[in-house]
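# After the sequence you'll find the predicted model.
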Amino acid sequence: MAERERVMRMSVEQPLWRALTGYRVLTMLYAVGLFATAYEDFPRPWIAVAYYVVLCGWTLATLPRVANAARCTKRFLAADLTIALTGILLTPVADAHERVQSGGPTLPSIWTAGAVLAFAIKGGWRWAALASGLVAVANLVERGSPARDTVHNVILVCIASVAIGYVVEVARASERTLARALEIEAATRERERLARDIHDSVLQVLAMVQRRGAVIGGEAAELGRMAGEQEVALRTLVSGGLVPVSRVSEDTAQGAVVRAVDEEPEEKSGPVDLRALLAPYAAARVSLAEPGAPVPLAPVAAREVAAAVGAALDNVRRHAGQDARAWILVEDEPDEVIVTVRDDGPGIPEGRLDQAEGEGRLGVALSIRGRLRDLGGSAELISVPGQGTEVELKVPKDVTDTRGKAEQR
């Protein structure tokens, strides 16, 4: 089945950049409006007009620069803050001394906070502290003395920018942690799927070669011994597995990246009759009891249930012997399908399954329980020494696969 790489991006940072873009435009208009209402009070208005021409042109031309962290470079941030600081220092030159001393607004007014917030979103609270510190110095130089309203405004900008910068740093760390957790989960599910397939094919063949080689003897015994060694090595690899290292987006504004390999979804098709998939298991020593009407299941559910039944029958042949009898019972309930596999073998000693799982023998854990768990169902194993073993498989008719997509009847 074809595979594809699924990429998920997570970012709580991007909305902050969009908000900053709108903030810069609105505060630019606000600063120009303040100047327009007090134009006649400026002794040298042409200086303010020249500054506002530069401010408006810069703000509108650099809107793409504040779209995300990748475009908001250090050079841009330095130039942006320079324009804000220049406007603050030009205020006493363009405006009347009385207005400056009485607490009149600076030329850039609250537009300056946008430059500081860009530092906070891009680099965190340390960058925000640096930018707000420079703005504080410029305001003190502009006023000539630490007036109460100036100190109040500077402290407000400093606290707000540092807080936003800290929140951005925490959000980035949380995104990376969540991305890692999701990637580990995806890798674990893929490892379990591969382990089931390997157990149903390669491991059983190696185990059979080992047993037959020991019986035949001679060179076949050496071949069986080698097959046994490879079986142990392969079981260790399957049970341990490898989890890929997380890859984080180079563009931090786009958030953390999770990459997982998924199977390509198959073409849309209707439900299949589970009886048709279980019919090949019927044999001289395997009896199949099924309803007279079709038992419809989603294709993925029907295949996995049939594979789980096959794994259960393989366990019967391996542990109960070739002469053991087995029975398959299919029950079609309103909300779920129940398939029971029972045998007349010697049963499983208490604690044997846990021991086998610890040794890396994951037939029941993965080939049976793992398949049903991924479908949202369950697998229960009941065994009494001397009275055989019974495996009950339950799968809902509305199946949810491992990626959370519902496959309806």
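Here it is on my side, so go on. Numbering: from 1, shown residues only.

# ok, and the closest non-adjacent residue to Gly377?
Residue nearest to Gly377 in three dimensions, not counting chain neighbours: Val395, with 3.8 Å by Cβ to Cβ, 6 or more residues apart in numbering. Glycine gets a C-beta too; all of them are placed from N, C-alpha and C.

# Repeat that for Ala289.
Spatial nearest neighbour of Ala289, excluding adjacent residues (Cβ to Cβ, 6+ apart): Leu329 at 4.9 Å.

# ok but the one you found is inside a strand, no?
Yes - checked against DSSP: H, G, I helix; E, B strand; the rest coil, Leu329 lies within a strand.

# pretty sure it contacts Val337?
No - counting by Cβ atoms under 8 Å, Val337 is not a contact partner of Leu329; they are 11.3 Å apart.

# Can you pick out the residue with more neighbours from those two?
A count of neighbours by other Cβ atoms under 10 Å puts Val337 above the other of Leu329 and Val337, at 22 against 15.

# and that one, what does it touch?
Contact analysis of Val337 by Cβ atoms under 8 Å, 6 or more residues apart in numbering lists 274, 295, 297, 305, 330-331, 394-395, 397.

# do Ile88 as well
Each residue near Ile88 by Cβ under 8 Å, 6+ apart is listed here: 106-108, 112, 135, 138-139, 141-142.

# Would you mind measuring from Pro271 to Glu390?
From Pro271 over to Glu390 the distance is 27 Å, taken as Cβ to Cβ, to the nearest Å.

# cool, Ala163 as well?
If you measure Ala163 against Glu390 using Cβ to Cβ, the figure is 62 Å.

# The two - which one has more neighbours?
Glu390 (18 against 13).

# In this protein, what residue spans correspond to strands?
In the chain, the strands defined using DSSP state E lie at 3-10, 256-263, 272-273, 286-289, 296-297, 326-332, 336-343, 378-383, 389-396, 399-400, 406-407.

# which residues sit against stretch 100-114?
In contact with stretch 100-114 (Cβ under 8 Å, 6+ apart) are residues 20, 23-24, 27-28, 30-31, 34-35, 38, 48, 51-52, 55, 59, 83-84, 87-88, 90-92, 94-95, 135, 139, 142-144, 147, 149-150, 157, 160-161.

# Now, of the residues you listed, which are buried?
20, 23-24, 27-28, 31, 34-35, 38, 48, 51-52, 55, 59, 83-84, 87-88, 90-92, 94-95, 135, 139, 142-143, 147, 150, 157, 160-161 (16 or more other Cβ atoms under 10 Å).

# Restricted to helices, list the residues you listed.
20, 23-24, 27-28, 31, 34-35, 48, 51-52, 55, 59, 83-84, 87-88, 90-92, 94, 135, 139, 142-143, 150, 157, 160-161 (DSSP state H).

# Right, I'll leave it there.
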